[in-house]
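In: test case, fold it:
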Amino acid sequence: MQTEQNTQKIIVIPGDGIGPEVTEEAVLTLQALGAGLEFTFLDRINADRYLRDGVALTDGELEEVRTAGTVLFGAVGDPRVTNPDYARGVLLRLRTDLDLYVNYRPAVLLDERLSPLRDESRRGIDCVVVRENTEGLYTGVGGSLRTGTPDEVTVDQETNTHLGVSRIVEYAYGVARRSVCMVDKSNAVRFGGQLWQRVWRETRDRHPELDSSHLYVDVAAMKLVKDPASFDVIVTNNSYGDILSDLTAELAGGLGTAASANINPVTGMGLYEPVHGSAPDIVGKGLANPAGAVLSAALLLRDRGLKSEAEALERAVRRTVAERRCTPDLGGTLNTRQAGEAIRAALD
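Out: The predicted structure follows:
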(Lines give C-alpha, C1' and ligand atoms only; values in the text may rest on other atoms or scores of the structure.)
Protein backbone atom coordinates (compact mmCIF):
# COMPACT_ATOMS: atom_id res chain seq x y z
CA MET A 1 0.00 0.00 0.00
CA GLN A 2 1.07 3.62 -0.41
CA THR A 3 2.83 5.55 2.30
CA GLU A 4 1.28 8.63 3.83
CA GLN A 5 3.84 10.78 2.01
CA ASN A 6 2.91 9.31 -1.37
CA THR A 7 -0.76 9.75 -0.62
CA GLN A 8 -0.26 13.52 -0.41
CA LYS A 9 1.97 13.98 -3.47
CA ILE A 10 0.08 14.47 -6.73
CA ILE A 11 1.67 14.31 -10.18
CA VAL A 12 -0.13 16.58 -12.64
CA ILE A 13 0.10 15.81 -16.37
CA PRO A 14 -1.90 18.50 -18.21
CA GLY A 15 -1.22 16.92 -21.61
CA ASP A 16 -2.73 18.18 -24.85
CA GLY A 17 -5.59 20.25 -26.19
CA ILE A 18 -7.92 21.49 -23.48
CA GLY A 19 -6.14 19.30 -20.93
CA PRO A 20 -4.02 22.17 -19.53
CA GLU A 21 -7.07 24.46 -19.33
CA VAL A 22 -9.30 22.13 -17.33
CA THR A 23 -6.47 20.66 -15.25
CA GLU A 24 -5.48 24.13 -14.08
CA GLU A 25 -9.01 24.72 -12.78
CA ALA A 26 -9.01 21.35 -11.02
CA VAL A 27 -5.68 22.08 -9.31
CA LEU A 28 -6.81 25.55 -8.24
CA THR A 29 -9.97 24.01 -6.80
CA LEU A 30 -8.01 21.36 -4.90
CA GLN A 31 -5.76 24.10 -3.53
CA ALA A 32 -8.81 26.09 -2.47
CA LEU A 33 -9.87 23.15 -0.32
CA GLY A 34 -6.64 23.36 1.67
CA ALA A 35 -6.28 19.59 1.80
CA GLY A 36 -2.49 19.72 2.12
CA LEU A 37 -1.74 18.18 -1.26
CA GLU A 38 1.64 18.67 -2.92
CA PHE A 39 1.66 19.05 -6.72
CA THR A 40 4.44 18.21 -9.16
CA PHE A 41 3.77 19.22 -12.77
CA LEU A 42 5.03 17.09 -15.65
CA ASP A 43 3.89 19.49 -18.35
CA ARG A 44 6.65 18.36 -20.71
CA ILE A 45 4.65 15.20 -21.48
CA ASN A 46 2.72 16.37 -24.52
CA ALA A 47 2.43 16.25 -28.28
CA ASP A 48 4.86 19.13 -28.77
CA ARG A 49 7.70 17.10 -27.31
CA TYR A 50 6.66 14.00 -29.22
CA LEU A 51 6.68 15.90 -32.50
CA ARG A 52 10.04 17.45 -31.66
CA ASP A 53 11.89 14.53 -30.07
CA GLY A 54 9.79 11.44 -30.74
CA VAL A 55 9.40 10.86 -26.99
CA ALA A 56 6.01 10.01 -25.49
CA LEU A 57 6.82 9.05 -21.89
CA THR A 58 10.32 8.39 -20.58
CA ASP A 59 11.25 5.62 -18.16
CA GLY A 60 12.28 8.28 -15.65
CA GLU A 61 8.90 9.99 -15.84
CA LEU A 62 7.16 6.66 -15.42
CA GLU A 63 9.19 6.00 -12.26
CA GLU A 64 8.38 9.48 -10.96
CA VAL A 65 4.71 8.69 -11.40
CA ARG A 66 5.14 5.27 -9.82
CA THR A 67 6.85 6.77 -6.77
CA ALA A 68 4.11 9.35 -6.25
CA GLY A 69 1.34 6.85 -6.93
CA THR A 70 -1.28 9.46 -7.86
CA VAL A 71 -1.78 11.32 -11.13
CA LEU A 72 -4.22 14.05 -12.13
CA PHE A 73 -4.33 13.81 -15.92
CA GLY A 74 -5.69 16.25 -18.49
CA ALA A 75 -5.92 14.74 -21.96
CA VAL A 76 -3.78 13.13 -24.63
CA GLY A 77 -4.14 13.60 -28.36
CA ASP A 78 -3.26 16.16 -31.02
CA PRO A 79 -4.41 16.31 -34.66
CA ARG A 80 -0.80 16.94 -35.71
CA VAL A 81 0.14 13.48 -34.45
CA THR A 82 -1.15 10.75 -36.73
CA ASN A 83 0.90 7.97 -35.17
CA PRO A 84 -1.16 6.04 -32.58
CA ASP A 85 2.06 5.18 -30.77
CA TYR A 86 2.02 8.58 -29.06
CA ALA A 87 -1.30 8.14 -27.22
CA ARG A 88 -0.49 4.50 -26.51
CA GLY A 89 2.92 5.52 -25.25
CA VAL A 90 1.44 7.90 -22.68
CA LEU A 91 -1.96 6.92 -21.37
CA LEU A 92 -2.03 3.23 -22.22
CA ARG A 93 1.52 2.80 -20.96
CA LEU A 94 0.61 4.39 -17.64
CA ARG A 95 -2.43 2.13 -17.36
CA THR A 96 -0.59 -1.06 -18.21
CA ASP A 97 2.82 -0.49 -16.61
CA LEU A 98 1.21 0.64 -13.34
CA ASP A 99 -1.39 -2.16 -13.68
CA LEU A 100 -4.31 0.23 -13.29
CA TYR A 101 -6.74 -2.52 -14.12
CA VAL A 102 -9.92 -0.76 -12.97
CA ASN A 103 -11.42 2.03 -15.03
CA TYR A 104 -14.14 3.48 -12.80
CA ARG A 105 -16.57 5.79 -14.57
CA PRO A 106 -19.52 7.09 -12.55
CA ALA A 107 -22.50 8.71 -14.24
CA VAL A 108 -24.81 10.80 -12.10
CA LEU A 109 -27.40 13.21 -13.47
CA LEU A 110 -26.43 16.64 -12.13
CA ASP A 111 -29.62 18.42 -13.15
CA GLU A 112 -32.93 17.35 -14.72
CA ARG A 113 -32.58 19.73 -17.65
CA LEU A 114 -29.39 18.01 -18.82
CA SER A 115 -30.98 14.66 -19.58
CA PRO A 116 -31.73 13.92 -23.26
CA LEU A 117 -34.59 11.60 -22.22
CA ARG A 118 -38.18 12.75 -22.52
CA ASP A 119 -39.56 10.48 -19.79
CA GLU A 120 -38.87 12.22 -16.48
CA SER A 121 -39.31 9.01 -14.49
CA ARG A 122 -36.36 7.37 -16.26
CA ARG A 123 -33.87 10.23 -16.19
CA GLY A 124 -32.29 9.64 -12.80
CA ILE A 125 -29.16 7.83 -13.88
CA ASP A 126 -26.80 7.06 -10.99
CA CYS A 127 -24.56 4.21 -12.01
CA VAL A 128 -20.94 3.21 -12.51
CA VAL A 129 -19.31 1.51 -15.46
CA VAL A 130 -16.48 -0.68 -14.18
CA ARG A 131 -14.30 -1.33 -17.20
CA GLU A 132 -11.43 -3.78 -17.43
CA ASN A 133 -8.54 -1.49 -18.26
CA THR A 134 -5.47 -3.53 -19.25
CA GLU A 135 -6.66 -6.32 -21.56
CA GLY A 136 -9.18 -6.84 -24.34
CA LEU A 137 -8.72 -5.31 -27.77
CA TYR A 138 -6.48 -2.51 -26.52
CA THR A 139 -3.40 -4.64 -25.85
CA GLY A 140 -2.11 -4.06 -29.36
CA VAL A 141 -1.84 -7.77 -30.16
CA GLY A 142 -2.27 -8.34 -33.87
CA GLY A 143 -0.75 -7.45 -37.20
CA SER A 144 -1.25 -7.05 -40.91
CA LEU A 145 -0.24 -8.75 -44.13
CA ARG A 146 0.18 -7.24 -47.60
CA THR A 147 -0.39 -3.76 -46.18
CA GLY A 148 -1.49 -1.17 -48.70
CA THR A 149 -2.57 -3.68 -51.31
CA PRO A 150 -6.03 -4.91 -52.36
CA ASP A 151 -5.17 -8.17 -50.58
CA GLU A 152 -4.46 -6.55 -47.21
CA VAL A 153 -5.37 -8.62 -44.15
CA THR A 154 -5.46 -7.15 -40.62
CA VAL A 155 -5.96 -8.88 -37.28
CA ASP A 156 -6.61 -7.29 -33.88
CA GLN A 157 -6.72 -9.88 -31.12
CA GLU A 158 -8.84 -9.58 -28.01
CA THR A 159 -7.00 -10.88 -24.96
CA ASN A 160 -8.74 -12.05 -21.79
CA THR A 161 -7.03 -13.72 -18.84
CA HIS A 162 -8.57 -15.40 -15.84
CA LEU A 163 -6.66 -13.00 -13.59
CA GLY A 164 -7.86 -9.94 -15.47
CA VAL A 165 -11.49 -11.00 -15.68
CA SER A 166 -11.78 -12.32 -12.13
CA ARG A 167 -10.30 -9.27 -10.44
CA ILE A 168 -12.41 -6.76 -12.36
CA VAL A 169 -15.63 -8.68 -11.73
CA GLU A 170 -14.79 -9.07 -8.04
CA TYR A 171 -14.09 -5.33 -7.81
CA ALA A 172 -17.46 -4.55 -9.38
CA TYR A 173 -19.26 -6.62 -6.78
CA GLY A 174 -17.23 -4.93 -4.07
CA VAL A 175 -18.39 -1.42 -5.00
CA ALA A 176 -22.00 -2.23 -5.89
CA ARG A 177 -24.79 -0.84 -3.74
CA ARG A 178 -27.64 -3.00 -4.99
CA SER A 179 -26.85 -4.78 -8.26
CA VAL A 180 -24.25 -5.78 -10.84
CA CYS A 181 -24.92 -6.26 -14.54
CA MET A 182 -22.20 -8.10 -16.45
CA VAL A 183 -22.10 -7.12 -20.11
CA ASP A 184 -20.45 -9.20 -22.84
CA LYS A 185 -21.10 -10.60 -26.30
CA SER A 186 -20.61 -14.26 -25.44
CA ASN A 187 -23.11 -15.38 -28.05
CA ALA A 188 -20.71 -14.19 -30.76
CA VAL A 189 -17.30 -13.88 -29.07
CA ARG A 190 -17.02 -17.50 -28.04
CA PHE A 191 -13.85 -18.10 -26.05
CA GLY A 192 -13.50 -14.83 -24.19
CA GLY A 193 -17.24 -14.91 -23.60
CA GLN A 194 -17.02 -18.31 -21.96
CA LEU A 195 -14.37 -17.03 -19.57
CA TRP A 196 -16.37 -13.94 -18.63
CA GLN A 197 -19.53 -16.02 -18.16
CA ARG A 198 -17.85 -18.58 -15.92
CA VAL A 199 -16.07 -16.01 -13.75
CA TRP A 200 -19.23 -13.92 -13.44
CA ARG A 201 -21.34 -16.88 -12.31
CA GLU A 202 -18.75 -17.90 -9.72
CA THR A 203 -18.50 -14.34 -8.38
CA ARG A 204 -22.28 -13.90 -8.42
CA ASP A 205 -22.70 -16.98 -6.26
CA ARG A 206 -20.34 -15.50 -3.66
CA HIS A 207 -22.45 -12.35 -3.43
CA PRO A 208 -26.07 -13.43 -2.95
CA GLU A 209 -26.82 -10.13 -1.20
CA LEU A 210 -26.66 -8.31 -4.56
CA ASP A 211 -28.93 -8.64 -7.55
CA SER A 212 -27.04 -9.99 -10.55
CA SER A 213 -27.88 -9.88 -14.23
CA HIS A 214 -26.29 -10.35 -17.63
CA LEU A 215 -26.88 -8.52 -20.89
CA TYR A 216 -25.31 -8.69 -24.31
CA VAL A 217 -23.66 -5.38 -25.14
CA ASP A 218 -26.15 -4.39 -27.84
CA VAL A 219 -29.08 -5.04 -25.49
CA ALA A 220 -27.31 -3.17 -22.71
CA ALA A 221 -26.97 -0.11 -24.95
CA MET A 222 -30.68 -0.20 -25.74
CA LYS A 223 -31.67 -0.63 -22.10
CA LEU A 224 -29.41 2.22 -21.02
CA VAL A 225 -31.34 4.54 -23.29
CA LYS A 226 -34.71 3.07 -22.33
CA ASP A 227 -34.23 3.00 -18.55
CA PRO A 228 -30.78 4.14 -17.33
CA ALA A 229 -32.03 4.51 -13.76
CA SER A 230 -32.34 0.72 -13.49
CA PHE A 231 -28.55 0.22 -13.49
CA ASP A 232 -26.23 0.34 -10.50
CA VAL A 233 -22.89 -1.20 -11.56
CA ILE A 234 -22.06 -2.37 -15.08
CA VAL A 235 -18.94 -4.49 -15.42
CA THR A 236 -17.51 -5.28 -18.82
CA ASN A 237 -14.39 -5.54 -20.93
CA ASN A 238 -12.14 -2.78 -22.21
CA SER A 239 -13.78 -1.89 -25.51
CA TYR A 240 -17.41 -2.34 -24.44
CA GLY A 241 -16.72 -0.32 -21.30
CA ASP A 242 -15.19 2.48 -23.34
CA ILE A 243 -18.31 2.72 -25.48
CA LEU A 244 -20.96 2.25 -22.79
CA SER A 245 -19.34 4.75 -20.44
CA ASP A 246 -19.55 7.45 -23.12
CA LEU A 247 -23.24 6.60 -23.47
CA THR A 248 -23.83 6.84 -19.72
CA ALA A 249 -21.93 10.15 -19.67
CA GLU A 250 -24.24 11.60 -22.30
CA LEU A 251 -27.28 10.38 -20.38
CA ALA A 252 -25.94 12.18 -17.31
CA GLY A 253 -25.43 15.52 -19.03
CA GLY A 254 -22.58 15.18 -21.50
CA LEU A 255 -18.89 14.37 -21.67
CA GLY A 256 -18.01 17.73 -20.16
CA THR A 257 -19.10 16.49 -16.74
CA ALA A 258 -17.75 12.94 -17.02
CA ALA A 259 -15.02 11.86 -14.60
CA SER A 260 -12.96 8.69 -14.41
CA ALA A 261 -10.45 6.91 -12.23
CA ASN A 262 -7.87 4.40 -13.42
CA ILE A 263 -6.88 2.53 -10.29
CA ASN A 264 -5.20 -0.49 -8.80
CA PRO A 265 -7.09 -1.25 -5.57
CA VAL A 266 -4.23 -3.45 -4.31
CA THR A 267 -1.33 -1.01 -4.69
CA GLY A 268 -3.45 2.11 -4.21
CA MET A 269 -2.09 3.73 -7.35
CA GLY A 270 -4.46 5.87 -9.37
CA LEU A 271 -4.70 8.09 -12.43
CA TYR A 272 -7.66 10.45 -12.56
CA GLU A 273 -8.85 12.10 -15.77
CA PRO A 274 -11.91 13.68 -17.36
CA VAL A 275 -13.41 11.55 -20.10
CA HIS A 276 -13.82 14.28 -22.71
CA GLY A 277 -10.40 14.02 -24.38
CA SER A 278 -8.29 16.80 -25.86
CA ALA A 279 -11.06 18.52 -27.93
CA PRO A 280 -8.65 20.35 -30.26
CA ASP A 281 -11.47 22.28 -31.94
CA ILE A 282 -12.10 24.42 -28.84
CA VAL A 283 -8.57 24.88 -27.51
CA GLY A 284 -7.95 28.42 -26.27
CA LYS A 285 -11.56 29.54 -26.80
CA GLY A 286 -12.61 29.39 -23.16
CA LEU A 287 -15.31 26.84 -23.97
CA ALA A 288 -13.79 23.85 -22.19
CA ASN A 289 -15.90 22.62 -19.29
CA PRO A 290 -13.79 22.12 -16.13
CA ALA A 291 -16.48 20.08 -14.35
CA GLY A 292 -15.16 16.71 -15.56
CA ALA A 293 -11.65 17.52 -14.35
CA VAL A 294 -12.94 18.79 -11.00
CA LEU A 295 -15.10 15.70 -10.51
CA SER A 296 -12.10 13.53 -11.41
CA ALA A 297 -10.22 15.37 -8.67
CA ALA A 298 -13.09 14.49 -6.34
CA LEU A 299 -12.57 10.80 -7.15
CA LEU A 300 -8.88 11.29 -6.36
CA LEU A 301 -9.72 12.79 -2.98
CA ARG A 302 -12.16 10.02 -2.16
CA ASP A 303 -9.57 7.34 -2.94
CA ARG A 304 -7.06 9.17 -0.74
CA GLY A 305 -9.39 9.05 2.24
CA LEU A 306 -10.54 12.66 1.96
CA LYS A 307 -14.24 11.89 1.70
CA SER A 308 -15.61 15.17 3.07
CA GLU A 309 -13.43 17.19 0.70
CA ALA A 310 -14.56 15.04 -2.23
CA GLU A 311 -18.19 15.57 -1.32
CA ALA A 312 -17.60 19.32 -1.08
CA LEU A 313 -16.31 19.35 -4.66
CA GLU A 314 -19.25 17.32 -5.89
CA ARG A 315 -21.75 19.61 -4.15
CA ALA A 316 -20.06 22.68 -5.59
CA VAL A 317 -20.25 21.34 -9.14
CA ARG A 318 -23.87 20.33 -8.71
CA ARG A 319 -24.75 23.76 -7.29
CA THR A 320 -23.12 25.73 -10.10
CA VAL A 321 -24.78 23.57 -12.75
CA ALA A 322 -28.19 23.97 -11.11
CA GLU A 323 -27.71 27.74 -11.02
CA ARG A 324 -26.39 27.80 -14.62
CA ARG A 325 -23.05 29.23 -13.49
CA CYS A 326 -21.29 26.99 -15.97
CA THR A 327 -20.01 26.73 -19.51
CA PRO A 328 -22.32 26.88 -22.57
CA ASP A 329 -22.44 23.11 -23.07
CA LEU A 330 -24.43 22.92 -19.82
CA GLY A 331 -26.64 25.92 -20.55
CA GLY A 332 -24.49 28.62 -18.96
CA THR A 333 -22.55 31.59 -20.32
CA LEU A 334 -19.24 31.34 -18.42
CA ASN A 335 -15.85 30.62 -19.88
CA THR A 336 -13.52 27.96 -18.52
CA ARG A 337 -11.85 30.17 -15.91
CA GLN A 338 -15.12 31.73 -14.78
CA ALA A 339 -16.72 28.29 -14.43
CA GLY A 340 -13.79 27.17 -12.30
CA GLU A 341 -14.07 30.29 -10.15
CA ALA A 342 -17.79 29.64 -9.72
CA ILE A 343 -17.08 26.10 -8.48
CA ARG A 344 -14.52 27.42 -5.99
CA ALA A 345 -16.95 30.12 -4.81
CA ALA A 346 -19.57 27.42 -4.21
CA LEU A 347 -17.33 25.32 -1.99
CA ASP A 348 -18.70 24.84 1.50
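
In: burial measure for Asp119, as a count.
Out: 10 (other CB atoms under 10 Å). (Each C-beta comes from the backbone N, C-alpha and C, glycine too.)

In: helix/strand/coil for the residue positioned nearest the centre of the chain?
Out: By CA atoms, centre = their mean, the mean C-alpha position of the chain lies nearest to Ser260, the distance being 2.8 Å. Under DSSP: H, G, I helix; E, B strand; the rest coil, the three-state class of Ser260 is strand.

In: check contacts around it.
Out: Residues in contact with Ser260, defined by CB atoms under 8 Å, 6 or more residues apart in numbering, are 103-105, 245, 272-275, 296, 299.

In: any buried residues in stretch 89-108, and which?
Out: The neighbour-count criterion (16 or more other CB atoms under 10 Å) identifies 89-92, 94-96, 98, 100-108 as the buried residues of stretch 89-108.

In: that one spans what distance, first to last residue?
Out: Stretch 89-108 has its terminal residues 31 Å apart, counting by CA to CA, to the nearest Å.

In: please apply the same query to stretch 278-286.
Out: Counting by CA to CA, the length from the leading to the trailing residue of stretch 278-286 is 14 Å.

In: partners of the nearest residue to the residue nearest to the centre of the chain once chain neighbours are set aside in the sheet?
Out: Nearest in space to Ser260, with sequence neighbours left out and distances taken as CB to CB, 6 or more residues apart in numbering, is Arg105 at 4.7 Å. Per DSSP bridges, the residues bridged to Arg105 are Val129.

In: ok, Arg105 touching Ala249?
Out: Yes. Arg105 lies in contact with Ala249 (CB atoms under 8 Å); the separation is 7.4 Å.

In: between the two, what contacts are shared?
Out: Looking at what touches both Arg105 and Ala249 (by CB under 8 Å, 6+ apart), the common residues are 258, 275.

In: what about Asn264, neighbour count?
Out: With neighbours defined by other CB under 10 Å, the count for Asn264 comes to 19.

In: actually Lys223, not the one I wrote
Out: Based on other CB under 10 Å, the number of other residues close to Lys223 is 16.

In: stretch 122-139: end-to-end distance?
Out: With CA to CA applied, stretch 122-139 spans 36 Å between its terminal residues.

In: next, the buried residues of it.
Out: Across stretch 122-139, burial judged by 16+ other CB under 10 Å covers 122-123, 125, 127-139.

In: what about it, average pLDDT?
Out: For stretch 122-139, the per-residue pLDDT values average out at 94.

In: list the contacts of the nearest residue to Leu33 once chain neighbours are set aside.
Out: Closest residue to Leu33 in three dimensions, ignoring its sequence neighbours and counting by CB to CB, 6+ apart: Glu309, at 5.1 Å. Taking CB under 8 Å, 6+ apart as the definition of contact, the neighbours of Glu309 are 33, 35, 301.

In: so the last one, which of the three states?
Out: For Leu301, the assignment made with three-state DSSP gives helix.

In: touching, it and Ala35? I think so.
Out: Yes. With contact defined as CB under 8 Å, Leu301 counts as touching Ala35 (6.8 Å).

In: list the buried residues of the helix or strand hosting Arg337.
Out: Assigned by DSSP states H and E, Arg337 belongs to helix 336-345. Neighbour-count burial for helix 336-345, counted by 16+ other CB under 10 Å, picks out 336, 338-344.

In: right, I'll leave it there.
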